[in-house]
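Asks: sequence? don't have it. structure:
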DNA sequence: TAATTTCCTTCTAAAAAGTAGAACAAATAC
DNA sequence: GTATTTGTTCTACTTTTTAGAAGGAAATTA
């Protein structure tokens, strides 16, 4: 996945706030990671609404950046409805997520008042 | 500080990615938290440039949201130069920071593969 | 005290990220 | 075929983020 960073001159590889949460939710949901489900999961974990559109444009951006990949799921035995597009984190996506986490942890540790709730 | 959320119908109280880092840096820098210094600190902690403008507009937004407050510093014994505007986190700002941290920690714990670096 | 230097803020403009919901598509049931 | 359900794609807009030019005030030097 490294070639994404090197060969292709990608526009941006930063990770926004909402982008990070969505990426994490894809990891958490595993094989059930498709837009509608992700929006649901976002709401239940945050008590904040996430429109389908937000999630979709974010997923598209994350895929363009190489943090995610996707493919259409098979038809299921369920009631009806269109096929799902299933998303999956790439190795590069996991790496970026880990870096982001390490950076935040480092900052928090430098600001002790945060921990105590002072 | 609670009235910020309730009485005044504030525009937005979300915390963007860069906003969070800047807010944290204000906490870390303490009495030395002024724009130019914050930009420097950002660069040294991330190896990523932060333009003065970015930092400034972000600080202004954070103040408008009630996460920060500021006042002009006294003239110092240094060489020369304009007065600094010193920023300080509000109780509300710390609360938001703590919530953001707790949420991230919760998500990470739900995605074990991240820890192992798998 | 006027010009200079230094440190720092304020302003302007543009790109990227985040938000919202309407429109559309495909699969099953009847 | 037509209705129903599940889910994606598209369009338009607001907020954040980015970048750097322009400007202001305090101490120093002449």
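Replies: Done, it's in. Bear in mind the structure is a predicted one, so any value in this text is a computation, not a measurement.
Asks: All the helices of chain A, residue numbers only.
Replies: A:3-6, A:17-29, A:35-46, A:52-64, A:91-109, A:113-116 (DSSP state H).
Asks: Need these in JSON lines (columns: mean pLDDT, mean neighbour count and distance to DNA strand D).
Replies: C-betas here are computed from N, CA, C, even on glycine. JSON lines is the format used below for those (pLDDT from 0 to 100; neighbours: other CB atoms under 10 Å in any protein chain shown; distance: least, CB to the nearest atom of the strand, whole Å):
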{"stretch": "helix A:3-6", "mean pLDDT": "24", "mean neighbour count": "12", "distance to DNA strand D": "17"}
{"stretch": "helix A:17-29", "mean pLDDT": "96", "mean neighbour count": "21", "distance to DNA strand D": "6"}
{"stretch": "helix A:35-46", "mean pLDDT": "94", "mean neighbour count": "16", "distance to DNA strand D": "3"}
{"stretch": "helix A:52-64", "mean pLDDT": "94", "mean neighbour count": "16", "distance to DNA strand D": "4"}
{"stretch": "helix A:91-109", "mean pLDDT": "95", "mean neighbour count": "17", "distance to DNA strand D": "13"}
{"stretch": "helix A:113-116", "mean pLDDT": "81", "mean neighbour count": "13", "distance to DNA strand D": "19"}
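Asks: Residue A:35 and residue A:27: what is the separation?
Replies: Look at residue A:35 and residue A:27: by CB to CB, to the nearest Å, they are 15 Å apart.
Asks: Who are the contact partners of residue A:86?
Replies: Residues near residue A:86 by CB atoms under 8 Å, 6 or more residues apart in numbering or on different chains: A:31, A:33, A:34, A:70, A:71, A:72, A:73.
Asks: Which of those residues are buried? Put it as a PyMOL command.
Replies: Listed next is the PyMOL selection for buried residues among the contacts of residue A:86, using 16 or more other CB atoms under 10 Å in any protein chain shown:
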select buried, chain A and resi 33+34+70
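Asks: among the contacts of residue A:86, which are in reach of DNA strand D?
Replies: residue A:34 (CB under 7 Å from any atom of the strand).
Asks: Please narrow the contacts of residue A:86 to those residing in strands.
Replies: Of the contacts of residue A:86, the ones assigned to strands by DSSP state E are A:70, A:71, A:72.
Asks: who touches the second one in this structure?
Replies: With contacts taken as CB under 8 Å, 6+ apart, residue A:71 has the following neighbours: A:85, A:86.
Asks: Specify the beta-bridge partners of it.
Replies: residue A:86 (DSSP bridges).
Asks: returning to that earlier point: between the helices of chain A, which gets nearest to residue B:104?
Replies: Closest approach to residue B:104 among the helices of chain A (CB to CB): helix A:91-109, 6.5 Å.
Asks: tell me the centre residue of chain A?
Replies: residue A:23 (1.0 Å; CA atoms, centre = their mean).
Asks: was I right about that one contacting residue A:92?
Replies: No - the criterion here is CB atoms under 8 Å, and residue A:23 misses it with residue A:92 at 11.0 Å.
Asks: so what's residue A:106 up against?
Replies: Counting by CB under 8 Å, 6+ apart, residue A:106 touches residue B:45.
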